[in-house]
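Peer 1: sharing a model prediction with you, sequence too.
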Amino acid sequence: MRLLLIEDDDILGDALKDFLQGDGHRVDWCRTLSAASSLCGEPFDAYLVDWQLPDGEGTTWLRARRSSSDATPAFMLTARDLVADKIAGLDSGADDYLVKPFPPEELAARLRALQRRLAGGHGAPIRLGPVALDVAGRQAWVHDQPVMLTGREWALMESLSLRRGRVVPKADLERLVMGMDHLVASNALEVHVSGLRRKLGPEVIETVRGVGYRLGAS
């Protein structure tokens, strides 16, 4: 998943970024709300938002995102542990709430649960003809035989699976798969699409000419 982490604590932010990237996610880290707002035109799979930041409150930022019809899932990460705080955080637009300090493994597990919900599999693999995909578990099979995918190939399949049934514009998909490195190679996305079609079959990713790509029909 491509994640926007908004956290002003350097030690915690650095630790979370390293852990989540090690878990296969792409993480953009901002230390202020103004920096985060400058990235709001970028596509993300989830926001990870601290409550108290140098230039305001994460709850205020989330309310503004929701009022602008931004439905990106959001996790509130905060030391505030009162029931009233949890209610306020969730009511501001957060989909989940973790109290600091928390083990990063718990956040990773909650992100996997989010992946399952968004992919619509409810824990069961996504079926695309002879292909089976466990997006959260990062496992793929063709005719019940395991297939190894690269990290970028998984990022691409994940981004399409989380938007199942929708056409994802090429520019958005490049940013979701490669984060801020999307301008490094103009044909990188096509290379990954070609690799996936070779490994999983030509029907697994559908090209919508002039627009982008979508996950193949089941």
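Peer 2: Looks like it arrived, so ask away.
Peer 1: so Asp96 touches Phe75, yeah?
Peer 2: Yes. Between Asp96 and Phe75 there is a contact under Cβ atoms under 8 Å: 4.7 Å. Where you see a C-beta, it was placed from the backbone N, CA and C, and this is true even at glycine.
Peer 1: can you give me the strands for the protein?
Peer 2: 2-6, 26-30, 46-50, 52-53, 56-57, 74-78, 96-99, 126-128, 131-134, 139-142, 145-147, 168-169, 205-208, 212-215 (DSSP state E).
Peer 1: walk me through the domains of the chain.
Peer 2: Residue ranges for the domains of the chain, per automatic domain parsing: 2-117, 120-215.
Peer 1: weakest of the ones you listed by average pLDDT?
Peer 2: Per-stretch mean pLDDT for the domains of the chain is lowest at domain 120-215 (a mean of 86).
Peer 1: distance between that one and the chain's centre?
Peer 2: 13 Å (Cα atoms, centre = their mean, to the nearest Å).
Peer 1: find the residues that touch each one of Asp96 and Phe75.
Peer 2: Arg110 (Cβ atoms under 8 Å, 6 or more residues apart in numbering).
Peer 1: now do the helices in this structure.
Peer 2: Per DSSP state H, the chain carries helices over the ranges 10-22, 33-37, 58-67, 83-91, 104-119, 151-161, 170-178, 188-200.
Peer 1: export the ones you listed to TSV and tack on distance to Tyr47 and mean neighbour count?
Peer 2: Below are the helices of the chain laid out as TSV (distance: least, Cβ to Cβ, whole Å; neighbours: other Cβ atoms under 10 Å):
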stretch	distance to Tyr47	mean neighbour count
helix 10-22	13	14
helix 33-37	8	17
helix 58-67	8	19
helix 83-91	12	14
helix 104-119	11	17
helix 151-161	16	21
helix 170-178	14	21
helix 188-200	24	17
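Peer 1: and Trp141, which of the ones you listed is closest to it?
Peer 2: Taking Cβ to Cβ, helix 188-200 is the member of these nearest to Trp141, at 9.4 Å.
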